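Participant: return a 3D structure for these sequence lines:
(one chain, ligands or ions: 1)
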Amino acid sequence: MHKVLLVNPWIYDFSAFDLWSKPLGLLYIASFLEKKGCEVLLLDCLDRYDPLLLEAGITPENRLYGTGKYHAEEIRKPGAINSIPKRFWRFGMPVSCVRNILRRTKEVDTVLITSVMTYWYQGVFDMIGIIREELPGANIVLGGIYAQLIPDHARKRSGADLVISDNNPCAVLQELIIGKDKCLSTEGFYNAYSPAYHLYDKHSSIAMLTSLGCPFYCSYCASHLLAKDFLFFAHEKIIDEIEMYTKRLQVQDIALYDDALLYRAEDHFLPLFEKILEKDYRIRFHTPNGIHARFVTEDVAAMLYRSNFKTIRIGLESSNVAFQNKTGNKVYNEEVEHAVSNLLKAGFSRQEIGIYIMAGRFDQSVDDTKRTLEFVRCLGVKVFISEFSPVPGSFDWRQDAHFKNMDPLWQNNSIAFLRNGWTIEQMQKMKDIKNDINHSVVNS
Ligand code: SF4
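Facilitator: Numbering: from 1, shown residues only. Next up, the predicted model:
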């Protein structure tokens, strides 16, 4: 039997927080490989409940609704960003625990490593180096978002035997691991398999998808590259998954990582959640990826409330209409005002609603960002700042020439704004205003 180890590596960054994060792509692949008869093992360095962590005396530091802090160890900053006056961390399991797991995992044929942010590549490389030492006979395959967005960098530098840059890895895996067979389409793949959550010992929450991709083309986003077609998953399959998560895994919090959960709500979100409500599951839902204000009608807001959504995030990015027009028209100010009004009318508290705004994009001024913060202050709900990160392959990437020849470490949202003419003090000032707004909302 072909033995496959799936690995979700560490995060190397200035900061990180577990906002219901799970390696969903890897878990779908796990399920696919199991069905094809492989023996599948999982090493998730970001699993805060791994028994080895508990044995090492590292207990999960939890926050609201299953979110929490990762274990972190300070590491030396890579040379390319050595001048940044901030501390740099390895988030996740200590290296000694990882080595222990690998030593116990003998005679693995293939190791599949996933990757997320392009600027976390150093953690992926270190993981590949350790796997080479501990499992010298294994074939190492690297996939995930980093591998898809900058495959040449991954091929030249990662040390993996194979880099998968296709967004439907089914064909490659089939050929590599289990021999040539009929390959499913992306839609067929996602409707045939569910994330293999049974590979974990314990769950504080679950991340899931009810759709793939996004019908919008925002200039700063790479969603259209990572999922070429937008598709809804079958409702019966989604309900079966929720049934399993709540009944068998006893989960109370589910984060929906859809990019466009409310798009064509009459066809998808509304009928789907009507069926979910009939089941009376008693779970809380969260939308960490943000929802589209445009689609938050009175009916949708009422359904979100009745279905027990507890974390509502709306993507605004900027209240500057010129910005909204040139970045893809995904939202306008009056749509956000309507959405917030509908959500409040439906019963949500102001603390449960948060607006994402962007800061530090190459043509965004500090004053403009302040105006956006003040726009949200007037709405009376929370605000969250997403510091701009240049995403390879996005439309912005083509305009923002100075990042192209720089180390991908500079794509990190914690520092990319420095290359766009912002200072650390200016960004801090925006965060101070944000904190002030949120403090007023919490105390309102
Ligand atoms: S930012 Fe959101 S709405 Fe825009 S393309 Fe990306 S996922 Fe879609």
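Participant: for the residue lying closest to residue 87 once chain neighbours are set aside, grab phi and psi.
Facilitator: Closest residue to residue 87 apart from its sequence neighbours, by CB to CB, 6 or more residues apart in numbering: residue 74 at 5.7 Å. From N, CA and C alone the C-beta is placed, and that goes for glycine too. The phi and psi torsions at residue 74 (degrees, to the nearest 10) take the values phi -70, psi 140.
Participant: so what's residue 74 scoring on pLDDT?
Facilitator: Residue 74 carries a pLDDT score of 98 in this model.
Participant: do the same with the one 3 residues further on
Facilitator: The predicted local confidence for residue 77 comes out at a pLDDT of 96.
Participant: how about it: what's its closest non-neighbour residue?
Facilitator: Per CB to CB, 6+ apart, closest to residue 77 is residue 88, 4.4 Å.
Participant: host element of the residue nearest to residue 183 when sequence neighbours are not counted?
Facilitator: Using CB to CB, 6+ apart and skipping residues adjacent in sequence, the residue nearest residue 183 is residue 171, 4.4 Å away. Element membership for residue 171, per DSSP states H and E: helix 170-177.
Participant: now do the buried residues in that helix.
Facilitator: By neighbour count with 16 or more other CB atoms under 10 Å, helix 170-177 contains the buried residues 170, 172-174, 176-177.
Participant: remind me what it packs against, helices and strands.
Facilitator: Other helices and strands packing on helix 170-177, by 3 or more CB pairs under 8 Å, 6 or more residues apart in numbering; DSSP states H and E, are helix 24-35, strand 110-113.
Participant: give me the mean pLDDT for the first one.
Facilitator: Per-residue pLDDT values over helix 24-35 give a mean of 94.
Participant: so what's the residue nearest to residue 87 up against?
Facilitator: For residue 74, the contact set (CB atoms under 8 Å, 6 or more residues apart in numbering) comprises 87-90.
Participant: can I get those in JSON lines with secondary structure, pLDDT and neighbour count?
Facilitator: Shown next, in JSON lines, are those (DSSP: H, G, I helix; E, B strand; the rest coil; pLDDT from 0 to 100; neighbours: other CB atoms under 10 Å):
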{"residue": "87", "secondary structure": "coil", "pLDDT": "97", "neighbour count": "11"}
{"residue": "88", "secondary structure": "coil", "pLDDT": "98", "neighbour count": "19"}
{"residue": "89", "secondary structure": "strand", "pLDDT": "98", "neighbour count": "19"}
{"residue": "90", "secondary structure": "strand", "pLDDT": "98", "neighbour count": "23"}
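Participant: for the residues you listed, give me JSON lines that also has distance to the ligand.
Facilitator: Shown next, in JSON lines, are the contacts of residue 74 (distance: CB to the nearest ligand atom, whole Å):
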{"residue": "87", "distance to the ligand": "30"}
{"residue": "88", "distance to the ligand": "27"}
{"residue": "89", "distance to the ligand": "27"}
{"residue": "90", "distance to the ligand": "29"}
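Participant: between these, which is closest to residue 116?
Facilitator: Closest to residue 116 out of these is residue 90 (14.6 Å), distances taken as CB to CB.
Participant: so that closest one touches residue 75, yeah?
Facilitator: Yes - using CB atoms under 8 Å, residue 90 is in contact with residue 75, at 4.9 Å.
Participant: shared neighbours of the two, anything?
Facilitator: Common neighbours of residue 90 and residue 75 (criterion: CB under 8 Å, 6+ apart): residue 12.
Participant: what about residue 342, neighbour count?
Facilitator: Residues lying near residue 342 (other CB atoms under 10 Å) number 20.
Participant: same question for residue 185.
Facilitator: Counted with other CB under 10 Å, the neighbours of residue 185 add up to 12.
Participant: can you report phi and psi for the residue nearest to it when sequence neighbours are not counted?
Facilitator: Leaving out its chain neighbours, the residue that sits closest to residue 185 by CB to CB, 6+ apart is residue 168, at 7.4 Å. The phi/psi pair for residue 168 (degrees, to the nearest 10) reads phi -120, psi 90.
Participant: do residue 344 as well
Facilitator: For residue 344, the backbone dihedrals (degrees, to the nearest 10) come out as phi -70, psi -40.
Participant: longest helix in this protein, please.
Facilitator: For the chain, the helix with the greatest residue count under DSSP state H is helix 424-442.
Participant: what's that helix in contact with?
Facilitator: For helix 424-442, contacts defined as CB under 8 Å, 6+ apart pick out 85, 350-351, 359-360, 366, 369-370, 373, 376-377, 380-385, 387, 417-418.
Participant: give me that answer again for 7 Å
Facilitator: 350-351, 359-360, 366, 369-370, 373, 376-377, 380-383, 385, 387, 417 (CB atoms under 7 Å, 6 or more residues apart in numbering).
Participant: next up, the contacts around whichever residue of the stretch 51-200 of the chain sits closest to the ligand.
Facilitator: Nearest to the ligand, among the residues of the stretch 51-200 of the chain, is residue 145, at 13.0 Å (CB to the nearest ligand atom). By CB under 7 Å, 6+ apart, residue 145 lies in contact with 115-116, 226.
Participant: any chance you could map the helices in the stretch 201-350 of the chain?
Facilitator: With helices called from DSSP state H, counting those that start in this stretch, the stretch 201-350 of the chain shows them at 223-226, 235-243, 269-279, 298-306, 321-326, 333-346.
Participant: residue 14: neighbouring residues, count only.
Facilitator: 15.
Participant: quick one: contacts for the residue of the stretch 301-444 of the chain found nearest the ligand?
Facilitator: Residue of the stretch 301-444 of the chain nearest the ligand, by CB to the nearest ligand atom: residue 330 (4.6 Å). Residues near residue 330 by CB under 7 Å, 6+ apart: 216, 218, 292, 315.
Participant: for it, give its distance to residue 227.
Facilitator: Distance, residue 330 to residue 227, using CB to CB, to the nearest Å: 16 Å.
Participant: with that, I have no additional questions.
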